[in-house]
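K.L.:
Pasted the sequence and its predicted model underneath.
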Amino acid sequence: MNIVTARALTKNYGSVRAVDDIDFDIVKGECFGFLGPNGAGKTTVMRTLYCFMPPTSGEVRVFGLDVTENSSGIKAKIGVMPQEDNLDPDLTVLENLIVYARYFDIPKKVSSGVASELLKFVELQGKTGVKIGDLSGGMKRRLILARSLINSPEVLVLDEPTTGLDPHSRHAVWDKLNILKAKGTTLILTTHYMEEAEKLCDRVAIMDRGKILTIDSPGHLMQIHGGNLEDVYLRITGLHLLEGRLEP
Amino acid sequence: MNLKRASRVWQRNFSVYTKLYKSSIALNFVEPALYLAALGLGLGAFVKEINGIPYINFIAPGMIASSSMFAATYECTYGTYVRMTFQKTFDAILATPVNIDDLVAGELMWGATKSMLYGTIILIVISLFGLVDSPMIILAIPVLFLSGLIFAEVSLIAVATVPGIDTFNYFYTLLMTPMFLFSGIFFPLTGLPPIVTKIAFFTPLYHLVNICRSFAAGKVGDVWDLIWLLAVAVIFAPYPFRLMRKRVIK
């Protein structure tokens, strides 16, 4: 069953075309990765999926609902881990979760229980009263992951979930994501780490300059092109660059 | 716009405020107290009376108005701008069922609430100092929410249009300070060229000062001041939504 369908999705920022007429489907329960160089349009795709901004043209449906018409309904069932740290610096670790839960209309009685479970899940249970500024980068990422799970989402959107993390923290996040996947959560992520995509993703879309160059499983891509996923990625995006250069 | 979701944004700001107010609330007394001391007592020693009212009593109701005005504008210019850009609080909120219109409504309601709260605190303080003649001043409290809404609307329009945080300097120097000085808080505008009165008529603070001063004296005052505030709050309302949508969503 498709949980996301995008048809002829296009997004312009002024005169700049960030996403150019792309189609893709994401199946319930899979981990789907968007790969591509900076500026390829990955974050823009993610932002349209979680209804942060409407597409310029084309149609995007999540849970069968149109993103431009049912944003609140879609967002109620999605968790978002953004690229940048946007935790509330005026609130403590626990308060960040409780206040966030309120946006989903989760009463405090329920959310405080869920919050302490989630803090245990991301191994921050000892940090409830700590200020955000006193957390390390890895702890912040884990707290953002916990926050994105506060509404028990069916779909988790992860924009570069482990960028800037040390290897230990990165593995810690991967472990958590694998647990969520095993529980049936659909994961949609962007990453610059091919190892991450190889470890987590069932299918990847390789993007460049707003276009999707290919959608396939990492295993099949490696089989066709040879080498590891990084080799495949470089070959595919590199070829595209070359083709681009030959264009008149 | 969904009122319940908007109230979640209001609640977030309230939660943060109740954590931090101890470090800032005292400062809000200092400025009006300084004006009352310097002008009320200092200048009042020479001016004595205006329209039969002792000078310090004349300016005291204006302090309610100006404190509540600045509470809303600081909150909804610098405060909102920091939440929108540096802290990315808006990005976090917009990933939840809360939409941009809910968010703007929550910010506006919070600005109006803070405006009412700060004006009320000054109202209580000057009443305790015996600078208010009538308990009718209590009627000013809901008016402070209304005028606070206008100040919040204007501030959010500024937030949606400024290129950077430094631009608020223009907002304060060219709009807020002249309004503060020429809204009849410190002297009746009748002594100035008629053009000043005409301009003052178009500022919300002028009408708020009139209302506070009337109530402080136990008079109903001119009902048109209230109608003016109501009308402007309604007329301005669509713009913060429209402009913030454009600024935040792209």
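P.N.:
Done, it's in. Numbers count the residues shown, from 1 in each chain, chains lettered A, B, ... in the order given.

K.L.:
can you count the residues close to the closest residue in space to A:Gly164 that isn't next to it in sequence?
P.N.:
The shortest distance from A:Gly164 to any non-neighbouring residue, by Cβ to Cβ, 6 or more residues apart in numbering or on different chains, is to A:Gly137 (5.9 Å). Yep, even glycine has a C-beta here, placed from its N, CA and C like the rest. Using other Cβ atoms under 10 Å in any protein chain shown, the number of residues around A:Gly137 comes to 13.

K.L.:
give me the element the spatially most central residue of chain A is part of.
P.N.:
Nearest to the centroid of the C-alpha atoms of chain A, with distances taken as Cα atoms, centre = their mean, sits A:Leu158, at 2.0 Å. Here A:Leu158 sits within strand A:155-159, counting by DSSP states H and E.

K.L.:
Convert the C-alpha atoms of that strand to PDB, please.
P.N.:
The C-alpha coordinates for strand A:155-159 follow below in PDB (Å, rounded to 0.1, in the frame of the first residue of the first chain):
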ATOM      1  CA  VAL A 155       5.400   8.100   9.100                       C
ATOM      2  CA  LEU A 156       8.700   9.600  10.200                       C
ATOM      3  CA  VAL A 157      10.300  12.200   8.100                       C
ATOM      4  CA  LEU A 158      14.000  12.500   8.800                       C
ATOM      5  CA  ASP A 159      16.000  15.300   7.100                       C
END
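
K.L.:
which SS state does B:Ser15 fall under?
P.N.:
Taking DSSP: H, G, I helix; E, B strand; the rest coil as the rule, one finds B:Ser15 in the helix state.

K.L.:
So what's the residue count around the spatially closest residue to it that is not a sequence neighbour?
P.N.:
In space, and not counting its chain neighbours, B:Ser15 is closest to A:Val99: 5.8 Å by Cβ to Cβ, 6+ apart. Neighbourhood size, A:Val99 [other Cβ under 10 Å]: 23.

K.L.:
thinking A:Val99 is in contact with B:Arg12, fair?
P.N.:
Yes: contact between A:Val99 and B:Arg12 holds when scored by Cβ atoms under 8 Å: they sit 5.3 Å apart.

K.L.:
where do the contact lists of the two overlap?
P.N.:
Residues touching both A:Val99 and B:Arg12 (Cβ atoms under 8 Å, 6 or more residues apart in numbering or on different chains) are A:Asp88.

K.L.:
Chain B contacts on chain A?
P.N.:
Proximity of chain A to chain B, by Cβ under 8 Å from any Cβ of the partner chain, involves residues A:13, A:50, A:52-54, A:71-73, A:75-76, A:78, A:80, A:82, A:84-91, A:95, A:99-100, A:102-105, A:151.

K.L.:
List the contacts of the spatially most central residue of chain B.
P.N.:
With distances taken as Cα atoms, centre = their mean, the residue of chain B nearest its centroid is B:Met69 (1.8 Å). B:Met69 sits next to B:Ser115, B:Ser147, B:Gly148, B:Phe151, B:Met176, B:Met179, B:Phe180, B:Pro204, B:Leu205, B:Leu208 when contact means Cβ under 8 Å, 6+ apart.

K.L.:
how much space between it and chain A?
P.N.:
From B:Met69 across to chain A, the span is 24 Å (Cβ to the nearest Cβ, to the nearest Å).

K.L.:
can you pull the buried residues of the helix or strand where that residue lies?
P.N.:
Using DSSP H and E, B:Met69 falls within helix B:55-74. By neighbour count on 16 or more other Cβ atoms under 10 Å in any protein chain shown, the buried set for helix B:55-74 is B:55-74.

K.L.:
With stretch B:172-187 instead?
P.N.:
B:Tyr172, B:Met176, B:Met179, B:Phe180, B:Phe182, B:Ser183, B:Gly184, B:Ile185, B:Phe186, B:Phe187.
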